[in-house]
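need the 3D shape of this:
(chains A, B, C and D)
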There are 2 protein chains.
Amino acid sequence: MASRVRIEDVAEAAGVSMKTVSRVLNREPNVREQTRERVLEAVEKLRYIPHISARSLAGNRSFLIALLYNNPSDNYLMGIMSGVLAACEQQQYNMMLGPLEWDSRRMVTQFDELIGRSRPDGVVLTPPVTDAPALLARLAELEIPFASISPKIRKDVVGVGMDEKQAAFDMVSHLVSLGHRRIAHISGHPAHGATKWRIAGYQQGLKQARLEYDPTLVVPGQFSFDSGVEAARALLGLKQRPTAVFAANDDMAAGVVAVALERGLRVPEDLSVGGFDDIPLSSQTFPPLTTVHQPVRDMGRLATLELLADIQRPGTGRMLHVPHTLQLRRSTGPAPA
Amino acid sequence: MASRVRIEDVAEAAGVSMKTVSRVLNREPNVREQTRERVLEAVEKLRYIPHISARSLAGNRSFLIALLYNNPSDNYLMGIMSGVLAACEQQQYNMMLGPLEWDSRRMVTQFDELIGRSRPDGVVLTPPVTDAPALLARLAELEIPFASISPKIRKDVVGVGMDEKQAAFDMVSHLVSLGHRRIAHISGHPAHGATKWRIAGYQQGLKQARLEYDPTLVVPGQFSFDSGVEAARALLGLKQRPTAVFAANDDMAAGVVAVALERGLRVPEDLSVGGFDDIPLSSQTFPPLTTVHQPVRDMGRLATLELLADIQRPGTGRMLHVPHTLQLRRSTGPAPA
DNA sequence: CTGTTAGCGCATTCAG
DNA sequence: CTGAATGCGCTAACAG
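All right, here's what the predicted structure looks like:
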């Protein structure tokens, strides 16, 4: 078995008491630098690794962060997860997963079970659960610290977000600069905070270019490939077809491309298509998609770091903002003459 | 705070000793059915939830299963993960993640750290780490129970696998039935156990159809989109072009489609393309891919169930086999005249 | 079939 | 700045 070494052994080896070792390990004050070093040496030599269950039990905390999600995009989630894991590892925390159903009653039930069983010290919320009122209420009730990723409202919340509106604006500006004047938008799932920001950015982009806002060019989607297909059918069936479509995520953009190709339209010669998220698919279809790249892994990592800070010193956690970049690929091109 | 209720409170409420409650909760024998029910009632009424850290500490087990991986496919992983989670939940276990680097020295180091910190009671191995000799050796050395998903060698191993060879054979037979006679294969990453099985199935498929095996039609890939692109370039550059390509996974198949479309070839009219895995991408490109579907979530779930059985009663875990299905979509069609 | 007694390995009082 | 005692909530032996 791994490490039968206990804190007691380390204490003996270093010629100090258990408590002193504990102090050093937990970075508590009141340890002379010299003893501190002796202890660390002993730890090193004996290859001591603290027993996490014992720490939890005695210290009344679990060293566990739960990642809550209800998100159809595997790639997005894996990115976030990878970041959360990295942050946890760095601080000797563990991560656990909390897949939640979307129905708000069941969501809360599942959440309660998760909390009951594993008692995480804090949770990271990913969209769309970030904005689920019932969950947020329960979190407040239980006084569980949390960090939100891309929440709809960012005031007084710890977490990380991106300037969604600006990103959408950038995409539209890009299309405008290519000469497009009939630019459609397929919006996202209405429950996602991002959806309204992306619409706002779209509108602002039009305004900036002095293009008239045409409601028939804005079709609601659900962030799924199928909803993109459906929206594209509507859009491409219009008497006055758009020459460019900005979809609120890549899955829907892929749906648009599929419909276009199926109808014999060339992308981007006949139709330009822009997406959002930069999922792997974007670079693995023909043509590869122009999209907005967000640093997903960093978002997971930073949100977790802020959460951990807030757990360790309440009130310390902040709302961070990360930069986006417009990833130009081949699905967008000059507007047809 | 959630549940300040302790086992002691339950014992008192039920009029029995702590130990009896413990027995009931752990499904140990030697409890009269009647007392058993009294205890369960008390548990229910008090909404008692055992404290996992205390259980771990006292019982010298962590109720933790680690999922080890080094796999580029987010979708595959999320599927497996979802299954592992489901199995864990059902048995009151928790899951943790162990992303590993591929370099065998670092892999083992990372593994050791993971084990040291969280002391899982067992681990689930996903390809390609399933077949990493250094890791397997360490696992044996530490005597940690494990389950393997799709390992290269299945004898005397607990886990779950699929008949990869048969699946590849089925795909080739499908292409043959469409009239194809020049069928190429892009093989997978050489370290994956599946790779050789899929090649074997491909060869057997040709043999069955009395088609000559032509080594120039077999190009090595890496399971990545880019390697698929590269292989496709080679294949489509041949003087005697194949009319069908069977790629060992969907990412590479997507690469083949992209190259074909780029060159103005129609899929499937000019070139049929078959994949493997049935990732979401397969149904989200144009044209949607004909591929082999494997029940990934079930594989994760079953492997974990077998692992848990083996942990609870050593020697009980088995190697299970799950069925595959050929998912026919539009990337395959009759061979051109 | 059931209860009692001791720890599991650590952090947390509170003294020095 | 450091140490000795106490208990976190549960299970494992051993009694009965």
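
tell me the residues of the stretch 51-200 of chain A that contact DNA strand C?
Counting by Cβ under 7 Å from any atom of the strand, the residues of the stretch 51-200 of chain A lying close to DNA strand C are A:51, A:54-55, A:57-59. Placement of C-beta: from N, CA and C, glycine included.

tell me which parts of the stretch 201-337 of chain A are close to chain B?
A:225, A:251, A:254-255, A:257-258, A:261-262, A:280-281, A:283-286 (Cβ under 8 Å from any Cβ of the partner chain).

of all pairs in these, which one spans the longest distance?
Set against one another by Cβ to Cβ, these have their most distant pair in A:262 and A:280, with a gap of 22.4 Å.

so the two - more neighbours on which side?
Regarding residue A:262 and residue A:280, a neighbour count based on other Cβ atoms under 10 Å in any protein chain shown identifies residue A:280 as having more, with 21 against 15.

residues contacting that one?
With contacts defined as Cβ atoms under 8 Å, 6 or more residues apart in numbering or on different chains, the neighbours of residue A:280 are A:75, B:74, B:225, B:281.

one step back: from the residues of the stretch 201-337 of chain A next to chain B, list the buried ones, please.
Members of these that pass the buried threshold by neighbour count (16 or more other Cβ atoms under 10 Å in any protein chain shown) are listed as A:225, A:251, A:254-255, A:257-258, A:261, A:280-281, A:283-286.

what would these look like in CSV with distance to residue B:182?
As requested, those are exported to CSV (distance: Cβ to Cβ, whole Å):
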residue, distance to residue B:182
A:225, 32
A:251, 35
A:254, 30
A:255, 33
A:257, 30
A:258, 28
A:261, 26
A:280, 30
A:281, 30
A:283, 29
A:284, 26
A:285, 26
A:286, 23
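
ok, so of these, who is nearest DNA strand C?
Distances from these to DNA strand C were compared by Cβ to the nearest atom of the strand; the smallest belongs to residue A:280, at 40.8 Å.

any idea how many residues pack against residue A:319?
Other residues within reach of residue A:319 by the criterion other Cβ under 10 Å amount to 17.

surely it touches residue A:159?
Yes. The pair residue A:319 and residue A:159 passes the contact test of Cβ atoms under 8 Å, sitting 5.7 Å apart.

list the residues that contact both of these two?
Here residue A:319 and residue A:159 share the contacting residues residue A:306, scored by Cβ under 8 Å, 6+ apart.

can you pull the contacts of the closest residue to residue A:288 other than its chain neighbours?
Spatially, and ignoring its direct neighbours in sequence, residue A:288 is nearest to residue A:329 (4.1 Å; Cβ to Cβ, 6 or more residues apart in numbering or on different chains). Residues in contact with residue A:329, defined by Cβ under 8 Å, 6+ apart, are A:282-283, A:287-291.

which residue ranges form the helices in chain A?
When assigned using DSSP state H, the helices of chain A occupy the ranges A:7-14, A:18-25, A:33-46, A:52-59, A:74-90, A:104-118, A:133-142, A:164-177, A:193-208, A:225-236, A:250-262, A:280-283, A:296-312.

contacts for the first one next, please.
If I follow you right, that is helix A:7-14. Contacts of helix A:7-14 with the rest of the structure, by Cβ under 8 Å, 6+ apart, involve A:17-18, A:20-22, A:25, A:35, A:38-39, A:41-43, A:45-46, A:48, A:50.

and the buried ones among the residues you listed, selectable in ChimeraX?
In ChimeraX, this line selects whichever of the contacts of helix A:7-14 come out buried by 16+ other Cβ under 10 Å:
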select /A:20,21,22,25,35,38,39,42,43,46,48,50
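
residue A:179 reaches residue A:333, doesn't it?
No. In terms of Cβ under 8 Å, residue A:179 does not count as a neighbour of residue A:333; the distance is 9.5 Å.

ok, these two, which is more surrounded?
More crowded of residue A:179 and residue A:333, by other Cβ under 10 Å: residue A:333, with 20 against 14.

which one is that one nearest to, not counting chain neighbours?
Setting aside the residues directly before and after it, residue A:333 is nearest to residue A:268 in space (Cβ to Cβ, 6+ apart), at 3.4 Å.

now residue A:274
Leaving aside its sequence neighbours, residue A:274 is closest to residue A:246 (4.5 Å, by Cβ to Cβ, 6+ apart).

the residue nearest to residue A:333 contacts residue A:328, correct?
No. With contacts counted by Cβ under 8 Å, residue A:268 stays clear of residue A:328, the gap being 11.2 Å.

just to revisit the earlier point, quick one: closest of the helices of chain A to residue B:314.
With Cβ to Cβ as the measure, helix A:52-59 is the member of the helices of chain A nearest residue B:314 (22.5 Å).

now do the closest one: everything it contacts.
Contacts of helix A:52-59 from elsewhere in the structure, counted by Cβ under 8 Å, 6+ apart, are A:62-63, A:94, B:51-54, B:56-57, B:62, B:117-119.

what is the neighbour count of residue A:78?
Other residues lying near residue A:78 total 21 when counted by other Cβ under 10 Å.

and it, what is it in contact with?
Neighbour list for residue A:78: B:74, B:77-78 [criterion: Cβ under 8 Å, 6+ apart].

minimum pLDDT in the residues you listed, which residue is that?
For the contacts of residue A:78, the least confidently modelled position is residue B:74, at 88, judged by pLDDT.

and that one, how far is that from residue B:185?
Plainly put, residue B:74 is 25 Å away from residue B:185 if you go by Cβ to Cβ, to the nearest Å.

same check, this time on residue A:279
According to Cβ to Cβ, residue A:279 stands 28 Å off from residue B:185.

which of these two has more neighbours?
Between residue A:279 and residue B:185, counted using other Cβ under 10 Å, the more crowded position is residue B:185 (30 against 26).

beta-bridge partners for that one, please?
Per DSSP bridges, residues listed as beta-bridge partners of residue B:185: residue B:218, residue B:246.

OK, contacts around it?
Contacts of residue B:185 by Cβ under 8 Å, 6+ apart are B:198-199, B:202, B:217-219, B:245-248.

and what of residue A:330?
With contacts taken as Cβ under 8 Å, 6+ apart, residue A:330 has the following neighbours: A:268, A:287-288, A:290.

related to what we said a few turns ago, present the contacts of residue A:329 as CSV; the columns should include distance to DNA strand D and pLDDT.
As requested, those are exported to CSV (distance: Cβ to the nearest atom of the strand, whole Å; pLDDT from 0 to 100):
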residue, distance to DNA strand D, pLDDT
A:282, 49, 94
A:283, 50, 92
A:287, 58, 95
A:288, 54, 96
A:289, 52, 98
A:290, 55, 98
A:291, 49, 98
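
any idea of the pLDDT on residue A:147?
98.

now do the residue lying closest to it once chain neighbours are set aside against DNA strand D, distance only.
Computed as Cβ to Cβ, 6+ apart, the closest residue to residue A:147 that is not its neighbour in sequence is residue A:307, at 3.7 Å. Using Cβ to the nearest atom of the strand, to the nearest Å, we find residue A:307 at a distance of 24 Å from DNA strand D.
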